[in-house]
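> the sequence isn't on hand, but the structure is:
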C-alpha cells in the first residue's frame, strides 16, 4: 500500500507549460477531418496524508452490520451460487427499436482478419506490468483508493480509468497489467464505491438510540458528523474528485477512459476541464444518471425535494434501503447481473464476483447506495457534456460492446451522430464491460488510438491502413490467443460517412431487397 500526501504527486508535479501544450495539441484537427460542425449552446458550470493499512476493511470485524448484513467468509459457504459465475433523461434520436439497430450493424463488407497480441503473461511470454495500490486523502475523511502501473514510463502519456457503478479499480486489472508496459496507468474508485467507502460513520447516534441498544449500519444514525455535512455521492462530487486527482496525484493532462457510469463521469469531467484532458474513450457509457433535479441548474425545482442523498437517511428511506439492499446484495443477485452483462459466458469473473461481494459487506455500503440512488443529476446532461467537449475539440473515441443488454447499440449510434468525427468501434460478441470481456481488443484499439493522436494523425487509426479511408465503415475479425487457444471477435469501424439514415436504408434493403428510398 502506497501512501500519497496531498501535495506530493508520485510521478511528476503539475506543469503549467504541459497544460498549455496540451491545449495547443487539442486544437489540432483530428486527421484534418473535422469538417462537420454542431450547433451548440454554451452551458456554464462551476467548477493530505493517510493512515496505512494492508487490510482492505479493518473495520469489518469491529462493527456490526445491522439486520440486513451477514458475515462474509469468502465464496466457499455461499449456497446456490456457482463459484464460477458463468462459469435521467436523454433527449437523443429515435431510429427504431434496438433489434433493428443490431441488425443494421451486421451489414457492410468484411475486409479480412487481423491478428492482435494476447494479454501479457498469457500467450506471448511477456511479463505483466506490476500493479501497486495507493490511498489519497482529498479532504478530511475523503480517502480515495487507486491502483497504478507503469509509473517508470516517464516519457509516456498517462491514462486514467474510471469504473462503472458497483465496481472499482479492480475491474481494470487487465488494462493495468497490459497497458502499464507502455504507459503510466491509473484506475480509481469513486467515493462511496469500491474501496473508497468511508473509514468512519458519517452519522452518529443520539443518546436515546444508544440507550435502546439500536445497532445501526453506518449512515443510519440520527445526526450528521461535521465532515459529512454536505456529503452526497453525486455526479458533481465524482467530477470534482477526478479533477483534483488529476491535478494533485497524476499532475498532468491525461487520456481518460470510462465504462458505464465512469464513461459519463469522464465526459462530464472533460467538458468542465478540457485543459486537463488529452482524449476521452467511452466504453458503453451510460447516457443518463440521477433522477432528482440539480440544485444549481434548477434551484426552484430542487426545493420540492428536501432530501436528495445527504446524510443521515430519513426514516422512510432507511426502511426502503434495507429492503432493496437485501435483494441486490444477495450473492445470487450479483451472479445474475454478471451473467446478464457479459455476452461471453466463458469469461472467468470469479475475482470480480468476490470483490463486489466483499464491497457489499462494508458497514457503509447500504447507506452509500441510497445516497447514490437519490443524488441529484449533474449540472450538465450527457448530451450537454458531449456538446461542450465537441466545442473544445476534445478528442473522443467510442468502443461499445454490441450485445450490451443495458446500453444498447442505439446509444452509441446517437453519440456517433452528435460527434461524427469520433472513431466508433462496435465489438461483437461483447456486452456491457468490453474491457473485461475482450481486453485484448480494447487494449489494442486504445493503444492505436493514442498513438494516432500522439502522432497528430501521421499514424493511422486502429484497423485502418494507408489504403483505407476514415470516411468508410468496415468490418474486421480480430484474432488473438487466450489460454492456448485462438479466439476471434468481429469489430466494426464506423467512418465519417456514417449516418443513421444510411443504416436504416441498408437494413431495409437487406431485409426487403432493393427499394427506392429517398433521403429525407
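On my side now, so go ahead. Just so it is clear, the model here is predicted, and its values are computed rather than measured.
> who touches residue 360 in this structure?
329, 334 (Cβ atoms under 8 Å, 6 or more residues apart in numbering). Using the backbone N, CA and C atoms, a C-beta is placed for each residue, glycine as well.
> if we look at the helix of greatest length in the chain, which residues are touching it?
Taking DSSP state H as the criterion, the chain has its longest helix at helix 439-454. With contacts defined as Cβ under 8 Å, 6+ apart, helix 439-454 is touched by 30-31, 116-119, 157, 159, 174-175, 178-179, 182-183, 255, 257, 278-279, 281, 283, 395, 397, 399, 423, 425, 427, 430, 434-435, 459-463, 478, 480, 482, 487, 489, 491.
> is it true that residue 137 lies in a helix?
No. Applying DSSP: H, G, I helix; E, B strand; the rest coil, one finds residue 137 to be strand, outside a helix.
> tell me how far it lies from residue 171.
Residue 137 is 23 Å from residue 171, where distance means Cβ to Cβ, to the nearest Å.
> follow-up on the earlier one: could you give me the buried positions within whichever helix or strand comes after the longest helix of the chain?
Proceeding N to C from helix 439-454, the next assigned helix or strand is strand 474-482, under DSSP states H and E. Neighbour-count burial for strand 474-482, with 16 or more other Cβ atoms under 10 Å as criterion, is recorded at 474, 475, 476, 478, 480, 481, 482.
> strands paired with strand 474-482, and their directions?
strand 110-115 (parallel), strand 485-494 (antiparallel) (DSSP bridges).
> what separates it from the chain centre, distance-wise?
Put simply, strand 474-482 sits 24 Å off its chain's centre (Cα atoms, centre = their mean, to the nearest Å).
> please apply the same query to stretch 386-399.
Counting by Cα atoms, centre = their mean, stretch 386-399 is centred 16 Å from the centre of its parent chain.
> what is the end-to-end distance of that stretch?
Start-to-end span of stretch 386-399 (Cα to Cα, to the nearest Å) is 15 Å.
> pLDDT averaged over it - what is it?
For stretch 386-399, the mean pLDDT works out to 97.
> oh, and call the first residue 102 from now on, that's how I've got it
Got it, the first residue is 102 from now on, which makes the last one we talked about stretch 487-500.
> work out for me the element residue 514 sits within.
Counting by DSSP H and E, residue 514 is found in helix 510-519.
> repeat that for residue 490.
Per DSSP H and E: residue 490 is located in helix 483-492.
> show me what that helix is packed against.
helix 362-373, strand 497-502, helix 510-519 (3 or more Cβ pairs under 8 Å, 6 or more residues apart in numbering; DSSP states H and E).
> in the stretch 402-551 of the chain, which spans are strands?
Applying DSSP state E, counting those that start in this stretch to the stretch 402-551 of the chain gives strands spanning 497-502, 525-529.
> just the ones you listed: most buried one?
strand 497-502 (a mean of 26; mean count of other Cβ atoms under 10 Å).
> picking up where we left off before, mind checking how far the longest helix of the chain is from the chain centre?
On Cα atoms, centre = their mean, the centre of helix 540-555 falls 17 Å from the chain's centre.
> ok, now stretch 425-437?
The answer for stretch 425-437 is 21 Å, by Cα atoms, centre = their mean.
> any buried residues in it, and which?
Buried residues in stretch 425-437, counted by 16+ other Cβ under 10 Å: 426, 430, 431, 432, 435, 436.
> distance to residue 396 and pLDDT added to the residues you listed, as TSV?
Listed next are the buried residues of stretch 425-437 as TSV, based on distance: Cβ to Cβ, whole Å; pLDDT from 0 to 100:
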residue	distance to residue 396	pLDDT
426	26	96
430	30	95
431	34	96
432	37	97
435	33	97
436	38	96
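> now, among these, which is nearest to residue 234?
residue 435 (23.1 Å; Cβ to Cβ).
> same question for stretch 337-352, mean pLDDT?
98.
> please apply the same query to stretch 548-563.
95.
> same question, stretch 287-301
Rounded mean pLDDT across stretch 287-301 is 97.
> between the two ends of it, how far is it?
26 Å.
> run the chain-centre distance for that stretch.
Chain-centre distance of stretch 287-301: 14 Å, with Cα atoms, centre = their mean.
> now swap in stretch 579-592 and tell me
That offset, for stretch 579-592, works out to 25 Å (Cα atoms, centre = their mean).
> the helix holding residue 514: how far from the chain's middle?
Between the centre of helix 510-519 and the centre of its chain there are 17 Å (Cα atoms, centre = their mean).
> just to revisit the earlier point, looking at the helices and strands packed on helix 483-492, spot the one closest to residue 465.
Between the helices and strands packed on helix 483-492, helix 362-373 lies closest to residue 465; by Cβ to Cβ that is 18.6 Å.
> just the angle between that closest one and strand 497-502, please?
Helix 362-373 runs at 170 degrees relative to strand 497-502, counting by axes from the mean of the first three to the mean of the last three Cα atoms, to 10 degrees.
> for the stretch 252-401 of the chain, which segments count as helices?
Remark: helices assigned in the stretch 252-401 of the chain by DSSP state H, counting those that start in this stretch are 274-280, 308-312, 336-346, 362-373, 400-403.
> thought residue 395 was touching residue 480?
Yes. Judged on Cβ atoms under 8 Å, residue 395 makes contact with residue 480 at a distance of 5.4 Å.
> anything in contact with each of those two?
With Cβ under 8 Å, 6+ apart as the test, residue 395 and residue 480 both reach residue 337.
> what's near enough to touch the closest residue to residue 269 other than its chain neighbours?
Nearest in space to residue 269, with sequence neighbours left out and distances taken as Cβ to Cβ, 6 or more residues apart in numbering, is residue 295 at 2.5 Å. By Cβ under 8 Å, 6+ apart, residue 295 lies in contact with 246, 264, 268, 269, 270, 271, 460.
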